[in-house]
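Novice: predicted model, plus sequence, below.
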Amino acid sequence: MGKQKYNSRLTAVKIICSVLKHGKSLTQALILTEELDPQNQAFCKELCYGTLRWYHRLDALLSLLLKKPFKEKDLDIKVVCLMGLYQLIYLSTPDHAAVSESVKTCIQTKKTWAKGLTNAVLRNFLRQRKHLEESVDEAPETLHAHPKWLTKQIQHDWPQHYQAILAANNERPPMSLRVNALHSKKDDYQNKLSEQDIASSTNPHAPEALTLEQAVGVDQLPSFWQGDVSVQDAAAQLAANLLDVQPDDNVLDMCAAPGGKTAHILEIAPNNATLIAVDIDEQRTQRITENLERLKLQTTVITADGLQPKEWFGGRLFQRILLDAPCSATGVIRRHPDIKVLKKESDIQQLVALQKKLLNTLWPMLDRKGVILYATCSILAAENSEQVAAFIAENEDAKEIKIESAWGHDCGAGKQIFPGEDHMDGFFYACIRKT
């Protein structure tokens with residue numbers, strides 16, 4: 001039997017349920033799409049990303065259309081309705097097809113009782129669409145489809161910019177590349193792309209970055225498997241240049257997986273510098289190794305807990321440390337819309353505590369005059385400027401080095417990029433020197 005042709009909607013229901021019910025990341029859950037042929041795989045991913053991207057708005061609309069909420073055991077039918085609404089509002093699926101296919105999906109879930117309900121919900125939406133959308137769009141959290149706590153936090157941290165940030169989180173992100181400086185010049189690689197009819201533009205802030213006008217599969221990228229290029233957002237590419245590795249430096253890349261920044265440091269650092277990459281997760285450490293092998297790069301990669309230095313610290317102090325701190329990932333929501341349904345307000349305090357512990361653990365291993373580059377893909381002040389300001393206040397031998405750059409927003413300590421600015425993800429960077 002070939003790959004199943006018809007079940008893209010049913011597969012999407014299973015994927016979204018595993019995110020909502022079991023807390024799986026969308027990236028993990030999408031493994032189910034491997035059962036589908038390429039065309040249906042693309043449609044299934046569109047349904048999953050889109051329904052989760054707009055979940056909080058679609059859910060508010062659905063609750064207005066139901067007499068009583070779905071029981072927990074009928075999450076699959078709720079998801080069928082949410083996906084139906086997504087197609088009616090955001091896709092070019094004809095109305096009658098979106099309704100009839102949703103009804104068919106109810107039959108495939110073996111819950112035939114739900115056919116009439118699903119049909120009624122979607123048809124009622126079409127009848128009252130204007131009034132329903134106007135009523136849910138009065139609140140910023142449903143207008144922009146974010147959980148209430150996160151909407152409030154972004155509003156609090158960035159009162160002048162919060163609406164632009166929320167809107168950018170719902171955009172489709174571009175695909176950016178990092179040209180391997182050891183293999184190729186950026187201009188030469190850009191010419192290779194245009195020979196393949198792949199249009200790209202440079203980024204004013206990231207010397208090795210090219211942003212594609214349209215995403216393509218990595219197999220279509222010239223010499224991808226030979227290591228000439230990697231897929232990496234331009235904001236993430238700022239790290240290696242900010243770290244500014246000098247000859248003979250001993251460098252630590254902490255929380256290094258999946259290894260994009262590790263590889264970039266090795267591609268542009270003087271070749272007599274040494275680097276150790278550490279990550280706590282064995283599967284993710286494996287990704288670092290695979291990425292380095294493809295790029296024909298070598299360095300020490302260790303699976304260990306950053307908070308347990310005896311597992312990985314050999315005693316030689318570091319001149320440069322990149323701490324790519326575990327964070328809420330609120331700066332990359334446009335790439336991972338499931339963050340909006342998976343992250344809870346209580347997670348932030350735990351992450352802030354972990355970030356602080358990591359900074360305090362790594363500081364004694366930094367050489368005098370050495371630099372820690374603190375990085376997150378978060379846009380929340382508690383994880384970023386407030387974290388760094390508190391650390392500097394508590395450590396007399398810590399001093400911030402101001403980042404002089406045309407990118408980002410000064411925020412007391414460090415610089416913040418908002419999602420979508422100059423085609424970049426939302427990132428925070430701060431440089432701390434040991435005096």
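Specialist: Happy to help now that I have it.
Novice: please enumerate the strands of this structure.
Specialist: All strands of the chain, identified by DSSP state E, fall at 176-179, 200-202, 209-212, 229-231, 250-254, 274-279, 300-303, 318-324, 366-376, 398-401, 409-410, 415-416, 428-434.
Novice: let's have those strands in JSON lines, adding mean neighbour count.
Specialist: Glycine gets a C-beta too; all of them are placed from N, C-alpha and C. JSON lines is the format used below for the strands of the chain (neighbours: other Cβ atoms under 10 Å):
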{"stretch": "strand 176-179", "mean neighbour count": "26"}
{"stretch": "strand 200-202", "mean neighbour count": "16"}
{"stretch": "strand 209-212", "mean neighbour count": "21"}
{"stretch": "strand 229-231", "mean neighbour count": "20"}
{"stretch": "strand 250-254", "mean neighbour count": "24"}
{"stretch": "strand 274-279", "mean neighbour count": "23"}
{"stretch": "strand 300-303", "mean neighbour count": "16"}
{"stretch": "strand 318-324", "mean neighbour count": "23"}
{"stretch": "strand 366-376", "mean neighbour count": "20"}
{"stretch": "strand 398-401", "mean neighbour count": "15"}
{"stretch": "strand 409-410", "mean neighbour count": "14"}
{"stretch": "strand 415-416", "mean neighbour count": "24"}
{"stretch": "strand 428-434", "mean neighbour count": "23"}
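Novice: how about those strands in TSV, adding mean pLDDT and distance to Glu134?
Specialist: Below are the strands of the chain laid out as TSV (pLDDT from 0 to 100; distance: least, Cβ to Cβ, whole Å):
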stretch	mean pLDDT	distance to Glu134
strand 176-179	98	37
strand 200-202	97	38
strand 209-212	98	36
strand 229-231	98	40
strand 250-254	98	49
strand 274-279	98	47
strand 300-303	98	53
strand 318-324	98	43
strand 366-376	98	37
strand 398-401	98	47
strand 409-410	96	33
strand 415-416	98	33
strand 428-434	98	36
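Novice: out of these, which comes closest to Ile165?
Specialist: Evaluated with Cβ to Cβ, these place strand 415-416 nearest to Ile165, the distance being 10.2 Å.
Novice: which residues touch that closest one?
Specialist: The contact list for strand 415-416 (Cβ atoms under 8 Å, 6 or more residues apart in numbering) reads 379, 384-385, 403, 405, 407-409, 426-430.
Novice: check the separation of the first and last residues in stretch 155-171.
Specialist: This stretch, stretch 155-171, spans 19 Å end to end (Cα to Cα, to the nearest Å).
Novice: now that stretch, how far from the centre of its chain.
Specialist: Between the centre of stretch 155-171 and the centre of its chain there are 16 Å (Cα atoms, centre = their mean, to the nearest Å).
Novice: try stretch 203-215
Specialist: Centroid separation between stretch 203-215 and its chain, computed with Cα atoms, centre = their mean, is 17 Å.
Novice: put the alpha carbons of it into PDB.
Specialist: Provided in PDB are the C-alpha atoms of stretch 203-215 (Å, rounded to 0.1, in the frame of the first residue of the first chain):
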ATOM      1  CA  ASN A 203      20.700  40.900   6.200                       C
ATOM      2  CA  PRO A 204      22.300  44.300   7.300                       C
ATOM      3  CA  HIS A 205      23.200  42.900  10.700                       C
ATOM      4  CA  ALA A 206      24.400  39.300  10.200                       C
ATOM      5  CA  PRO A 207      27.400  39.000   7.800                       C
ATOM      6  CA  GLU A 208      26.800  35.400   6.900                       C
ATOM      7  CA  ALA A 209      23.000  35.500   6.600                       C
ATOM      8  CA  LEU A 210      20.800  35.200   3.500                       C
ATOM      9  CA  THR A 211      17.000  35.300   3.800                       C
ATOM     10  CA  LEU A 212      15.000  33.400   1.200                       C
ATOM     11  CA  GLU A 213      12.000  35.000  -0.400                       C
ATOM     12  CA  GLN A 214      10.300  31.600  -0.200                       C
ATOM     13  CA  ALA A 215      11.200  28.600   1.900                       C
END
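Novice: contacts for that stretch, please.
Specialist: Residues outside stretch 203-215 that contact it (Cβ under 8 Å, 6+ apart) are 174-181, 186, 189-190, 193, 198-202, 232, 234-235, 237-238, 241, 264, 267-268, 405-407, 422-424.
Novice: hang on, the earlier thing: closest one to Leu88 among the strands of the chain?
Specialist: Taking Cβ to Cβ, strand 209-212 is the member of those nearest to Leu88, at 30.4 Å.
Novice: OK, contacts around the closest residue to Ile77 other than its chain neighbours?
Specialist: Residue nearest to Ile77 in three dimensions, not counting chain neighbours: Ala114, with 4.5 Å by Cβ to Cβ, 6 or more residues apart in numbering. Residues counted as contacts of Ala114 (Cβ under 8 Å, 6+ apart) are Asp74, Ile77, Val80, Cys106.
Novice: would you turn the strands of the chain into TSV with distance to Leu36?
Specialist: TSV is the format used below for the strands of the chain (distance: least, Cβ to Cβ, whole Å):
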stretch	distance to Leu36
strand 176-179	27
strand 200-202	29
strand 209-212	25
strand 229-231	23
strand 250-254	37
strand 274-279	32
strand 300-303	34
strand 318-324	34
strand 366-376	35
strand 398-401	50
strand 409-410	42
strand 415-416	39
strand 428-434	38
